[in-house]
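Engineer: Structure, please.
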Amino acid sequence: MTTKALTRCYRFPSVDFEPDLRILVWQDGSETLLTVHESRLLEALCYCAGEVVNPQALYSKTFIQLDSYEENNQSNFDLNALLVSLNHKLSYQDQPAIAIEVVTNHGFRVPLPSKTCRLVHTFKQSGFTQFKNETVEQEEDNQESATEHIVKHSMLHKISVLLLAAAGVALFFLADNILLS
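Structural biologist: Predicted coordinates for the structure are as follows:
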């Protein structure tokens, strides 16, 4: 059984960031998994790409409560340590793929992505979750649902549609005759 999901993607020259899956997909096809907070931090920066984001706003967007039962104690989160960890993961072959610019006394900024898009991922349910990237423009699988099969091949369905259409036409003429009288 497979499941398809539409996910967001921020495409940079050497890496794609997919916040819904918390991964960085490099040009050679390799992937880097991000933590929840690293993904949220990068997503907040990418959402406001090109703009300077205030550290307090970035902190609140990154460390919001995940669970209503979670304690409201957020003192153990360190934005600077998270930025260091994220910068390390954003480096590929000693080159920064997405440069997080520090604007002194104002906040942080990332460059504009080359493209923002949506990708269709197919998840195959097995011992572990696998997925493959497909662009939305690619052709869908040729599997048809039970409803599509009935509409295309059932003679009883075709007869019932014809009878309903005839009943609709008859009601139209009957209503028209009543209004004219």
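Engineer: can you pull out the strands in the chain?
Structural biologist: Here the chain has its strands, by DSSP state E, at 2-11, 15-18, 23-26, 31-33, 91-92, 95-96, 101-103, 107-109, 115-124, 130-135.
Engineer: and Leu42, what is it in contact with?
Structural biologist: By C-beta atoms under 8 Å, 6 or more residues apart in numbering, the contact set of Leu42 is 17, 19, 34, 86, 90, 98, 110. Placement of C-beta: from N, CA and C, glycine included.
Engineer: Tell me the pLDDT of Val53.
Structural biologist: For Val53, the pLDDT comes out at 90.
Engineer: what's the answer for Phe123, then?
Structural biologist: Reported pLDDT for Phe123: 68.
Engineer: roughly how far is stretch 11-25 from the heart of the chain?
Structural biologist: 11 Å (C-alpha atoms, centre = their mean, to the nearest Å).
Engineer: Go through that stretch and flag the buried ones.
Structural biologist: Residues of stretch 11-25 classed as buried: 11-12, 14-19, 21-25 (neighbour count, 16 or more other C-beta atoms under 10 Å).
Engineer: now, among those residues, which is nearest to Phe77?
Structural biologist: The closest of the buried residues of stretch 11-25 to Phe77 turns out to be Arg22 (C-beta to C-beta; 17.1 Å).
Engineer: Verify the stated contact: that closest one with Leu33.
Structural biologist: Yes - counting by C-beta atoms under 8 Å, Leu33 is a contact partner of Arg22 at 6.4 Å.
Engineer: Output the lowest mean pLDDT helix or strand found in the chain.
Structural biologist: strand 130-135 (a mean of 46; mean pLDDT, DSSP states H and E).
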